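Take this sequence and fold it.
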Amino acid sequence: MAQVATRLKRELLEELKLIEEVEKKDRAAVLRNLIATGVRHWKLEYALKLYTDQKATTWKAAELAGLSLYEFIEVLRSRRIPAQFTMEDLEEDLRSQKG
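Numbering: from 1, shown residues only. Prediction:
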């Protein structure tokens, strides 16, 4: 594991202390969890952007987001993002699944 240092505004530090108390975890554990959550969120948003900009197929976007194809389709459905699926997308997705 690598060590990372950063500066935080006082207000953010107070919010961090609240999370530590509620979660009953030390600061390092809370920070690791928050960073992991933030990274997952960023990956999903990035994959959705690539998908809506038609720069990634459904399969590729799901892979980038770290989700199964079914999970990614559920996210698209829940956000009311229309499907953008062509025959080329289907062929690429089938090739991707084969390895």
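
Please, where are all the helices along the chain?
Here the chain has its helices, by DSSP state H, at 10-23, 27-52, 58-65, 69-78, 87-98.

Export those to a markdown table and append columns for mean pLDDT, distance to Ala2 and mean neighbour count.
Every C-beta, even on glycine, is put in place using the N, C-alpha and C of the backbone. Shown next, in a markdown table, are these (pLDDT from 0 to 100; distance: least, CB to CB, whole Å; neighbours: other CB atoms under 10 Å):
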| stretch | mean pLDDT | distance to Ala2 | mean neighbour count |
| --- | --- | --- | --- |
| helix 10-23 | 96 | 20 | 11 |
| helix 27-52 | 97 | 12 | 14 |
| helix 58-65 | 94 | 23 | 20 |
| helix 69-78 | 94 | 29 | 14 |
| helix 87-98 | 74 | 31 | 12 |
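
closest one to Met1 among those helices?
Taking CB to CB, helix 27-52 is the member of these nearest to Met1, at 9.1 Å.

which other helices and strands contact that closest one?
helix 10-23, helix 58-65, helix 69-78 (3 or more CB pairs under 8 Å, 6 or more residues apart in numbering; DSSP states H and E).

Including distance to Leu48, could those go into JSON lines?
Shown next, in JSON lines, are those (distance: least, CB to CB, whole Å):
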{"stretch": "helix 10-23", "distance to Leu48": "27"}
{"stretch": "helix 58-65", "distance to Leu48": "7"}
{"stretch": "helix 69-78", "distance to Leu48": "7"}
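
Tell me which of those sits nearest to Leu90.
Per CB to CB, nearest to Leu90 of these: helix 58-65, 9.2 Å.

Packing partners of the closest one?
helix 27-52, helix 69-78, helix 87-98.

and the second one with helix 87-98, angle?
Put plainly, it is helix 69-78. Angle between the axes of helix 69-78 and helix 87-98 is 140 degrees (criterion: axes from the mean of the first three to the mean of the last three CA atoms, to 10 degrees).

Then the longest one?
The directions of helix 27-52 and helix 87-98 differ by 140 degrees, with the same axes, to 10 degrees as the criterion.
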